[in-house]
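Engineer: just need the structure, nothing else, for what follows:
(3 chains)
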Amino acid sequence: MSLAFQASQALPRGTDYLRILPELVLSIFGMIIMVLDPVVDQRRNQKALGTLALIGSLAAIASTLWQARAPGLAFWNMVQVDTFSVFFHFLITTITAVVILTSYEYMEVQQIRVGEYYALILFGAVGMCLMSSAVELVLIFIALEISSISTYILAGFRRRAAISSEASIKYFLLGSFATAFFLYGVALMFGATGSTSIPTIEQHLRSGSIPVLAYVAIALMFVGLGFKVAAAPFHVWTPDVYEGAPAPIVGFMSTAPKAAVFAVLLRIMFQIHAPGRLGLIWVAAALSMTLGNIGALVQQNVKRLLAYSSIAHAGYLLVAFAALPQNGIPSAMFYTASYAAMNIGAFAVVSHFGGAGERYVTLEDYSGLGRRSPVLAAALTLFLLSLIGIPITAGFFAKFYVFSAALQANLVGLVIIGVINSAVAAYYYLRVIVVVYMHDPRDESVLPAVPLELGAALAITALTTIYLGLLPGRVLDYASRSAGDLLH
Amino acid sequence: MPDNYFARYLPILIHFSLAALLATAIVLLSWIIGYRRPTRAKLSPYECGMTPVGDARQRFSVKFYLVAMLFILFDVEAVFLYPWAVILRDLKMFGFWEMLVYIGIVLVGFFYIWKKGVLDWGGASTGRGEV
Amino acid sequence: MVPITTLHYLVVAAALFVLGVIGVLTRRNVVIVLMSIELILNAVNLNLVAFSRLYGLHGQVFAIFVITDAAAEAAVGLGILIAFFRNKETVNVDEVDLLKW
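Structural biologist: Predicted structure coming up:
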């Protein structure tokens, strides 16, 4: 039972390290950047540090693909590489690469000259990757903290802007409060079952009657994780933090940590067969969809609007968690991937258009964007249509799979709430599109050209959005296989 | 030996209450009996015989906070050495190399703050980073 | 004879947890809010060590990780607080008010 005993049984082998290879690669690149940052001249070499981070994330993608060929357990059953973890590793490392691409120009324009930015993105990615492959609550907690602490700092990276440091402190206080809840839940789960390993907990809960402590533990863990994915009623921090944080970072933290936390939630809810799952999820999903969409209706700031939309999307995603495992898991995974594509794309447009000090972020500023920059406007429109859930975009199939999974589990009430909410949501997304194309520009000045890196990021996200909207089959197949792996 | 579990702690409780009683009595008695003729010098805060200068609530350099923060970090990182030391023999060389890697990572952090100039207390900071 | 059982520890831990939550929700000073969060983490540690009596060393090792994490969190929190203070000259939560609904 004790770690010392286990350690003397078998020391880790080379394959164990292969199974955390993406994390190792990301950590090493992060540390190199951290050490180089104070040594090199930042004014000239910031971009080089960014490129190094980009290479690091590409190497992590490559090592994920390599690792996928040898699935299995590692480090005394604490890490599990299977199709499920590979899916999320690939998603998170790709998000990291795209976000780094969107950051180049932003850092230049905002005159933030610190290389730690890129190091922190990589460290955050380490935590998120580890969250998706960890099958041990202690390890999940540590990974969660690696990812959270990095994002707390990143949220405050526009240090001279008061709203950025305010966003950072809000995110930090509420985030660490949430972590404490999660941790208390883990401790109680340890008490209820005598183990922190997910498979052992599952066996324990299945074999006997479920102790009351386990219900409390699941509820507390759900509170903690619900905070991190911005699910109502734990969503109050979201609009403030998203408004204040740097736009590329908002793109990052509204997708990658969310994907990782949803991976953890999938493991806890389905692999453990969490007691009391349906009730918790039902309430959280219905509240998130409704509060998110109602909040978004009145927003004038595009970042806040997208923040509320992010709450609503967390709600749609949670619907999948109430469904049966064999449909719920793949539809939830598909949803995280398509949401990542469209949301990062939208925030890439926002970060380019914001200009120095993020001046242009209100809806009025966007008026006439269609005439001032047809390419940006077209990209933004595509992402917004996908967020609504219009066919031939990723958002359509994402919502379709989630709702049909819910229908198969006879969750008619939840689906009705979801569909009504999707209709309401169309209003505020379309409002942005109307402003972009129908209104006269308030400011005829020429927009700065889209630089190559940002263009690449936009192209990747836009193509992914369309690809998932036209040919969802392969990704969904892979997600279904992962679900099989998760449930064995 | 009384058989009630808590009864065994009774002597300590008595000890505590006696101590509290005595302390209260001494303070109270001196307050009741003693003369009070306050003068300006008597009312001023006692600073080892020196005349107090200014308000104690001054702002001091942010460096102190930084050092405190870094101290917490490097201090707590050492905590892992204890469990490691206990099972060092069981871990054989694996444990040795792993701990070397761990300390290497801590040293990377140390190198970073050093180059950032956080440890530099001389007037002009040579580090490029501002914190 | 009333032996101290695991349950006693759990009750103390639960009390600490509630105190921490109340502290986070009611206090104005960010530093005290941080301390309240640490209080919750310590409640967790107490739980873990208490459960260790039943299930072996695992819980104690976990507690060490929680302590380390709490330190990292506190350091980052204070760093963020200093950055915030430079912009706003306050450490009170209710003056964290630039961002409103």
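
Engineer: in space, what's closest to A:Ile61 - neighbours in sequence excluded?
Structural biologist: Once flanking residues are discounted, A:Ile61 sits nearest to A:Thr93: 4.6 Å by CB to CB, 6 or more residues apart in numbering or on different chains. Backbone N, C-alpha and C define where each C-beta goes, glycine included.

Engineer: hmm, A:Ala60 and that neighbour touching each other?
Structural biologist: Yes. At 4.3 Å, A:Thr93 counts as touching A:Ala60 under the criterion of CB atoms under 8 Å.

Engineer: number of nearby residues for the residue nearest to A:Ile61?
Structural biologist: For A:Thr93, the count of nearby residues is 28 (other CB atoms under 10 Å in any protein chain shown).

Engineer: tell me which residues touch it, please.
Structural biologist: Contacts of A:Thr93 were listed using CB atoms under 8 Å, 6 or more residues apart in numbering or on different chains, and they are A:22, A:26, A:57, A:60-61, A:64, A:125, A:129.

Engineer: how does it look with 10 Å?
Structural biologist: Applying CB atoms under 10 Å, 6 or more residues apart in numbering or on different chains to A:Thr93 gives the contacts A:22, A:25-26, A:56-65, A:122, A:125, A:128-129, A:256.

Engineer: what subset of those is buried?
Structural biologist: A:22, A:25-26, A:56-61, A:63-64, A:122, A:125, A:128-129, A:256 (16 or more other CB atoms under 10 Å in any protein chain shown).

Engineer: among those, which one sits closest to C:Phe17?
Structural biologist: Nearest to C:Phe17 among the buried ones among the contacts of A:Thr93 is A:Met128, at 27.5 Å by CB to CB.

Engineer: which other helices and strands does the helix or strand hosting the closest one contact?
Structural biologist: Using DSSP states H and E, A:Met128 sits within helix A:116-133. Judged by 3 or more CB pairs under 10 Å, 6 or more residues apart in numbering or on different chains; DSSP states H and E, helix A:116-133 is in contact with helix A:21-39, helix A:42-67, strand A:79-81, helix A:83-110, helix A:137-155, helix A:247-253, helix A:256-266.

Engineer: just send those back as a markdown table, with mean pLDDT and distance to A:Ser422 too.
Structural biologist: Converted to a markdown table, those look like this (pLDDT from 0 to 100; distance: least, CB to CB, whole Å):
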| stretch | mean pLDDT | distance to A:Ser422 |
| --- | --- | --- |
| helix A:21-39 | 92 | 35 |
| helix A:42-67 | 89 | 33 |
| strand A:79-81 | 92 | 35 |
| helix A:83-110 | 93 | 23 |
| helix A:137-155 | 95 | 29 |
| helix A:247-253 | 94 | 22 |
| helix A:256-266 | 95 | 19 |
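
Engineer: and those: which comes nearest A:Phe353?
Structural biologist: When the helices and strands packed on helix A:116-133 are compared by CB to CB, helix A:247-253 sits nearest A:Phe353, at 8.9 Å.

Engineer: which helix runs longest in chain B?
Structural biologist: In chain B, with assignment by DSSP state H, the single longest helix is helix B:88-115.

Engineer: and what of chain C?
Structural biologist: Every helix in chain C considered (DSSP H), the longest is helix C:58-88.

Engineer: can you point out the buried residues in that helix?
Structural biologist: Within helix C:58-88, the residues that count as buried by 16+ other CB under 10 Å are C:58-66, C:68-85, C:87-88.

Engineer: for the lowest-mean-pLDDT helix or strand in chain B, the distance to its chain's centre please.
Structural biologist: Least confident helix or strand, chain B: helix B:40-43 with a mean of 75, by mean pLDDT, DSSP states H and E. Its chain's average C-alpha position is 32 Å from that of helix B:40-43, according to CA atoms, centre = their mean, to the nearest Å.

Engineer: what's that helix packed up against?
Structural biologist: Packed next to helix B:40-43, using 3+ CB pairs under 10 Å, 6+ apart, is no helix or strand.

Engineer: is chain A within reach of the helix or strand that it is followed by?
Structural biologist: Counting by DSSP H and E, the next helix or strand C-terminal to helix B:40-43 is helix B:62-77. No. Using CB under 10 Å from any CB of the partner chain, helix B:62-77 stays clear of chain A, coming no nearer than 11.6 Å.

Engineer: hmm, who's touching helix B:62-77?
Structural biologist: With contact meaning CB under 10 Å, 6+ apart, helix B:62-77 is reached by B:61, B:102-103, B:105-106, B:109-110, B:113, B:116, B:118-121, B:125, B:131, C:64, C:67-72, C:74-79, C:81-82, C:85-86.

Engineer: same thing but at 6 Å, please
Structural biologist: Residues outside helix B:62-77 that contact it (CB atoms under 6 Å, 6 or more residues apart in numbering or on different chains) are B:106, B:118, C:68, C:71, C:75, C:78, C:82.

Engineer: likewise stretch A:190-206?
Structural biologist: Residues outside stretch A:190-206 that contact it (CB under 6 Å, 6+ apart) are A:135-138, A:211, A:213-214, A:217, A:267, A:271-272, C:51, C:55.

Engineer: and the helix or strand of chain C with the lowest mean pLDDT, how far from the chain's centre?
Structural biologist: When the helices and strands of chain C are scored by mean pLDDT, DSSP H and E, helix C:58-88 comes last with a mean of 89. Distance, stretch centre to chain centre, for helix C:58-88: 10 Å (CA atoms, centre = their mean).

Engineer: give the other helices and strands that that helix contacts.
Structural biologist: Here helix C:58-88 touches helix A:137-155, helix A:162-193, helix B:62-77, helix C:30-55, going by 3 or more CB pairs under 6 Å, 6 or more residues apart in numbering or on different chains; DSSP states H and E.

Engineer: okay, the angle between that helix and helix A:162-193?
Structural biologist: For helix C:58-88 against helix A:162-193, the angle by axes from the mean of the first three to the mean of the last three CA atoms, to 10 degrees is 170 degrees.
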